[in-house]
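J.: pasting the sequence and the predicted model now:
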Amino acid sequence: MPRLQIWLLAGILAALSFASATAQSAKIIQARSSGDNKIYEDVRITQDDLRGVKGRESRVGLSFKPEEIVSLEYHQQPEEYRKGRAAYGDGDYKNAAENLLAALEQAERYKWIPVYANWYLAESLRQLGAREQALEAYEAMLKANPIARQAPDAYVHMAEIYMSLGAKGVTPARTALKRLEDMVKREKLGERYSLLAELGLARIEVRAGDPSRAREMLNRIVTAGDRYPKIANLARLELGQLLVKEKKYSEAETFFENILKTTKDDPDVIAGAGNGLGDCQYAQGHYAEAMYTYSRTYALFLDRVDQASRVAHALYYGGRSFRLQAGKETDPAEKSRLEKYGTHVMRRAARDFGGTTAGQMAQKEL
């Protein structure tokens, strides 16, 4: 039986025995309202899901809200899981995926493995650009425990992957976000996940739906910025992308420039706004400006695996900008320099980011 089928089967079998398996002990770090963290070294876990984490330590019953959990690490772990988690923490996603896949073959011994290992496996595969396999791992996690603490984020990431697939991903992305909306209502998850679901649906409207509805949804999300600044900034990015789609390039440039001026430490927003600005310049044929705007994105984030798709986009369109600008040059030496550098940049996208959409576009063009 192929290994992929083995870990899927393991997840399902473990889910069947989830309730009856013997409780295992874990170290919990709890975030408290006072602003500090409290550590519980040896809690025997009896519940670990969206509805809360419960257990006992030295005969004392403990109960935590999901949002209070900074970390929960089970003491008894398969060696493969331990290695996989360490590799994941180091950003070595290939090694992480290999070890976590092996850990899933021991799922019958650890009731928590199908959720935790599939979660980190899916996250690793997503970072590697293995989109279809990442989706399978997320679904395996949800089968193991439909109300896992990681479930809401899984739906958000699944929707993002589906949207990266283009037109064929629109319907499954809507389905993933509808599943999240249903979970938010059923489990009373609160405003944060409600906003994330709405942001995902607004992104779909930006790309393949009603621009007016998209703008209305995004402006509503931005209004929640005081409470959730990260989500509000991502909504602002989408408002900028909407302007690009409407070919309001001058307005969009100002929009992205303002985001870059006011954002200091959010790679998602900085890389997204940088690419958005480059896209405006590229669409208007301002290739000399675009090639340097894109270069800022890949110079800043080339080694950030979590920014792989944005770096690949900057490399591909940056490389094209260099080559297109070369076509405008009359000086043979400068023309040759720009062409060579543009090809070099595009090859980097094709070679190092083949799992991304832009990387695959570079491969076809080269």
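T.: Noted; the coordinates are in hand.
J.: quick one: distance of stretch 287-300 to the chain centre.
T.: The chain centre lies 23 Å from the centre of stretch 287-300; the measure is Cα atoms, centre = their mean, to the nearest Å.
J.: what's that stretch in contact with?
T.: 267, 270-271, 274-275, 277-279, 281-282, 310-311, 313-315, 317-318, 321-322, 324-325, 328, 342, 345, 348 (Cβ atoms under 8 Å, 6 or more residues apart in numbering). Heads up, the C-betas are built off the backbone N, CA and C, glycines and all.
J.: can you list the low-confidence ranges for the stretch 51-200 of the chain?
T.: By pLDDT under 70, the stretch 51-200 of the chain has no low-scoring segment.
J.: now N95: closest residue in space that isn't a chain neighbour?
T.: Counting by Cβ to Cβ, 6 or more residues apart in numbering, A87 is the residue found nearest to N95 once chain neighbours are left out, at 4.1 Å.
J.: what's the neighbour count on the one you found?
T.: 20 (other Cβ atoms under 10 Å).
J.: how far is the helix or strand where it lies from where the chain is centred?
T.: A87 belongs to helix 79-89 when assigned by DSSP states H and E. The chain centre lies 20 Å from the centre of helix 79-89; the measure is Cα atoms, centre = their mean.
J.: look up how far I270 lies from the residue nearest to N95.
T.: A87 is 26 Å from I270, where distance means Cβ to Cβ, to the nearest Å.
J.: and the closest residue in space to R149 that isn't next to it in sequence, what is it in contact with?
T.: In this structure, R149 finds its nearest non-sequential neighbour in P66, 5.0 Å apart by Cβ to Cβ, 6+ apart. Neighbouring residues of P66 by Cβ under 8 Å, 6+ apart: D49, L50, R51, G52, V53, R149.
J.: how about P146, phi and psi?
T.: Note on P146: its backbone torsions stand at phi -60, psi -20 [degrees, to the nearest 10].
J.: count the residues that sit near it.
T.: Close neighbours of P146, defined as other Cβ under 10 Å, add up to 13.
J.: that one and R220, how far apart?
T.: 29 Å.
J.: now for the strand ranked longest in the chain, which elements pack on it?
T.: Determined from DSSP state E, the single longest strand within the chain is strand 37-49. When contacts are defined as 3 or more Cβ pairs under 8 Å, 6 or more residues apart in numbering; DSSP states H and E, strand 37-49 sits against strand 25-31, strand 52-57, strand 69-74.
J.: repeat that with 10 Å
T.: Applying 3 or more Cβ pairs under 10 Å, 6 or more residues apart in numbering; DSSP states H and E, one finds that strand 37-49 makes contact with strand 25-31, strand 52-57, strand 60-64, strand 69-74, helix 113-128.
J.: single out the most deeply packed of the ones you listed.
T.: Comparing those by mean neighbour count (mean count of other Cβ atoms under 10 Å), helix 113-128 ranks first with a mean of 26.
J.: so what does the helix or strand following that helix touch, helix or strand wise?
T.: Using DSSP H and E, the next helix or strand after helix 113-128 towards the C-terminus is helix 131-144. Under the contact definition 3+ Cβ pairs under 10 Å, 6+ apart, helix 131-144 sits against helix 3-16, helix 93-103, helix 113-128, helix 151-164, helix 170-187.
J.: which residues of the stretch 151-300 of the chain fall in helices?
T.: For the stretch 151-300 of the chain, applying DSSP state H, counting those that start in this stretch gives helices covering 151-164, 170-187, 191-208, 211-223, 229-245, 249-262, 267-283, 287-301.
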